[in-house]
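Trainee: below: sequence and its predicted model.
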Amino acid sequence: MSDTINYLDLARYVGDLERQVNEAGIQLELRTDFGYFIRTCENLAGKPPPNGMFNPLHHEINPENAFWVKGVNESGETVHVQAIRMDDMSGTNLTRELESQKAFYSHPEVSAETGEKCVSIAPITEKITDKVCYHGEMWLRGGEDGFRGKSLPALLSRLTHAIALSKWQPDFIYGFAYDTLIKNGVMVNYGYWHMQPRAVEWTIPSRNLILDMWLVWLTKSDLLEFVKHRREQEWHFPEIYRKDTPALEIRHQVKEGKEGADTTPNAGLRLAEV
């Protein structure tokens with residue numbers, strides 16, 4: 001399909017998504033102040049501490065290359081966060097960025113701890129290059145006064161993907177996922193159509209931990225497909241993407257109403273940029 005973006009359709013898509021999130025009881029803010037992002041995440045019960053990939057102490061992060069989404073309930077309490085960052089990988093690829101740890105820290109020789117290392121085995125990381133977005137730190141409050149189990153993670157994830165498409169026209173968007181989220185079909189519901197295991201084996205001595213995670217990703221063409229088919233009532237995991245998921249068959253089917261949500265940050269619909 002053509003990689004040309006229809007910005008009017010994209011604005012409608014984002015506007016539809018935001019409307020559905022608002023109707024579920026969450027008001028959204030688009031933010032670029034990552035010092036506040038770190039402080040916010042550190043005070044969210046049940047959310048793991050954010051890694052260095054969105055920490056301004058470890059990364060050269062600014063309003064031109066990153067934003068985060070904050071969701072609040074009717075009482076003004078933070079019930080949702082997620083973030084996305086764009087990196088120019090022209091002349092390099094994700095394998096090199098991961099293994100050099102530049103994906104995690106702008107200056108790994110300063111920020112990485114002694115003995116910290118990363119190995120990437122997933123073949124796709126060598127092909128992910130040019131304009132590349134990392135999407136992570138997704139959190140939505142659970143519990144009796146929470147919002148999980150209402151299709152909101154899918155809406156919120158696709159909303160951020162759409163805004164990133166508007167801002168940067170990325171060639172790829174990627175993230176990391178644990179094995180459980182892959183096998184439960186959660187990442188498909190989030191809109192990720194491709195996945196491979198062994199994306200990172202990340203050794204962090206101070207945490208006595210070796211992280212072994214899958215890579216999930218989308219291409220620009222995938223993002224445009226979401227916009228093109230935003231009014232379809234059902235999403236099926238396409239057969240053509242099963243080849244990207246070794247030794248795993250996903251039968252999860254996403255059933256949602258009309259897709260869509262708010263406008264792009266520079267299109268000025270309703271999403272407040274703070």
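Mentor: Perfect, I can see it now.
Trainee: rest of the way, CA atoms for contacts and neighbours
Mentor: Will do.
Trainee: how far off centre is stretch 74-94?
Mentor: Chain-centre distance of stretch 74-94: 6 Å, with CA atoms, centre = their mean, to the nearest Å.
Trainee: quick one: end-to-end distance for that stretch.
Mentor: Counting by CA to CA, to the nearest Å, you get 40 Å between the two ends of stretch 74-94.
Trainee: residues making contact with it?
Mentor: 25-27, 41, 44, 54, 61, 65-73, 103, 125-141, 146-147, 160, 164, 168, 170 (CA atoms under 8 Å, 6 or more residues apart in numbering).
Trainee: now list the buried members of those residues.
Mentor: 26-27, 41, 44, 54, 61, 65-73, 103, 125, 128-141, 147, 160, 164, 168, 170 (16 or more other CA atoms under 10 Å).
Trainee: now, which of the residues you listed lie within strands?
Mentor: 27, 66-72, 130-140 (DSSP state E).
Trainee: which parts of stretch 105-121 are buried?
Mentor: Buried-residue list, stretch 105-121, by 16+ other CA under 10 Å: 105, 106, 108, 112, 117, 118, 119, 120.
Trainee: can you lay out those as JSON lines showing distance to residue 221, pLDDT and secondary structure?
Mentor: Listed next are these as JSON lines, based on distance: CA to CA, whole Å; pLDDT from 0 to 100; DSSP: H, G, I helix; E, B strand; the rest coil:
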{"residue": "105", "distance to residue 221": "29", "pLDDT": "93", "secondary structure": "coil"}
{"residue": "106", "distance to residue 221": "29", "pLDDT": "93", "secondary structure": "coil"}
{"residue": "108", "distance to residue 221": "32", "pLDDT": "94", "secondary structure": "helix"}
{"residue": "112", "distance to residue 221": "35", "pLDDT": "92", "secondary structure": "coil"}
{"residue": "117", "distance to residue 221": "33", "pLDDT": "93", "secondary structure": "strand"}
{"residue": "118", "distance to residue 221": "29", "pLDDT": "93", "secondary structure": "strand"}
{"residue": "119", "distance to residue 221": "28", "pLDDT": "94", "secondary structure": "strand"}
{"residue": "120", "distance to residue 221": "25", "pLDDT": "94", "secondary structure": "coil"}
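Trainee: dump those to JSON lines, plus distance to residue 156.
Mentor: What follows is those, written out as JSON lines (distance: CA to CA, whole Å):
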{"residue": "105", "distance to residue 156": "26"}
{"residue": "106", "distance to residue 156": "28"}
{"residue": "108", "distance to residue 156": "31"}
{"residue": "112", "distance to residue 156": "31"}
{"residue": "117", "distance to residue 156": "32"}
{"residue": "118", "distance to residue 156": "29"}
{"residue": "119", "distance to residue 156": "30"}
{"residue": "120", "distance to residue 156": "28"}
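Trainee: wasn't residue 11 part of a helix?
Mentor: Yes. Counting by DSSP: H, G, I helix; E, B strand; the rest coil, residue 11 falls inside a helix.
Trainee: surely residue 196 is in a strand?
Mentor: Yes. According to three-state DSSP, residue 196 belongs to a strand.
Trainee: isn't it right up against residue 213?
Mentor: No. Using CA atoms under 8 Å, residue 196 is not in contact with residue 213, being 9.1 Å away.
Trainee: output the below-cut-off pLDDT ranges for the stretch 51-200 of the chain.
Mentor: Where the stretch 51-200 of the chain drops to pLDDT under 70, the residues are 150.
Trainee: quick one, helices of it?
Mentor: 94-99, 108-111, 152-168, 179-183, 186-189 (DSSP state H, counting those that start in this stretch).
Trainee: circling back to that earlier point, more neighbours, residue 196 and residue 213?
Mentor: More crowded of residue 196 and residue 213, by other CA atoms under 10 Å: residue 196, with 24 against 20.
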